[in-house]
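1. How does the following fold in three dimensions:
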Amino acid sequence: MKKKFLLLLTLPLLVNILFVRMSCGRYRCYYMTSVSLAPFDNADSIPRVLSPDGVLARAFMLEYTLSGTLTYCSGDDDPALMDSIQLTSDRNFDALHPAGTDLKSLFIVNKKNNGGDDDLHTCYLVNAPSDTGTHVFTIKIFMHDSARSTFIASTKPVKLLL
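-> Model (predicted):
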């Protein structure tokens, strides 16, 4: 009788342990398929598409969108985990940031939740370039997957004004 009683007391604990062990390998993972990059003029309360005449550097903003699928996967899957991000310009930005140098430290990045599988990130320029000039900004997303995938997107030429 005591053995049955102890078994009944410990049964919920055993079921819980088994369930946790069986389900702990599942987690949310994101399978990225593409990245896009768009420049905006953020001088007003609503970001606008850039004018061909250029944009003041203090009002310059970039948005990059990571597109893919958010799903559940197990430890046996090979999710495309983001390894690193690099943001560059094809032109010298200032004395410390020649063409091709990572510019992430010159931007403040905010993530926006758009309710879907895509991740939208807004990048606000906090340090202006040393002179007026036309830049092509490029973002590279390096993935930590078996293929070591890289996703790349660039803007059209953007004229930054001081």
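
2. Quick one: residues contacting the closest residue to Ser89 other than its chain neighbours.
-> Distance criterion Cβ to Cβ, 6 or more residues apart in numbering; nearest residue to Ser89, sequence neighbours excluded, is His135 at 4.4 Å. Backbone N, C-alpha and C define where each C-beta goes, glycine included. Going by Cβ atoms under 8 Å, 6 or more residues apart in numbering, His135 touches 89-91, 93, 129, 155, 157-160.

3. Can you flag which of those residues belong to helices?
-> The helices, defined by DSSP state H, take in nothing from the contacts of His135.

4. how close does the residue nearest to Ser89 sit to Pro39?
-> According to Cβ to Cβ, to the nearest Å, His135 and Pro39 sit 9 Å apart.

5. Kindly point out which residues are neighbours of both of these two.
-> 155, 158.

6. returning to what we had before: what residues are bridge-paired with the residue nearest to Ser89?
-> Counting by DSSP bridges, His135 forms beta bridges with Val158.

7. Can you name the residues bridging to the residue nearest to Ser51 when sequence neighbours are not counted?
-> Excluding the flanking residues, the one nearest Ser51 by Cβ to Cβ, 6+ apart is Asp41, at 6.8 Å. Beta-bridge pairing of Asp41 under DSSP bridges involves Arg48, Phe60.

8. mind checking pLDDT for Asp41?
-> What the model reports for Asp41 is a pLDDT of 96.

9. How about Val126?
-> pLDDT, Val126: 93.

10. What is the neighbour count of it?
-> 11 (other Cβ atoms under 10 Å).

11. just to revisit the earlier point, and the contacts of His135 as TSV, adding distance to Phe60?
-> Below are these laid out as TSV (distance: Cβ to Cβ, whole Å):
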residue	distance to Phe60
Ser89	11
Asp90	16
Arg91	14
Phe93	12
Pro129	9
Thr155	11
Pro157	13
Val158	7
Lys159	10
Leu160	6
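
12. Just the buried ones from those residues?
-> Among the contacts of His135, those scoring as buried are 89, 91, 93, 129, 155, 158, 160 (criterion: 16 or more other Cβ atoms under 10 Å).

13. For this protein, just list every one of the strands.
-> Along the chain, the segments classed as strands by DSSP state E run 27-41, 48-49, 55-56, 60-73, 81-89, 107-112, 119-125, 133-135, 137-144, 150-154, 158-161.
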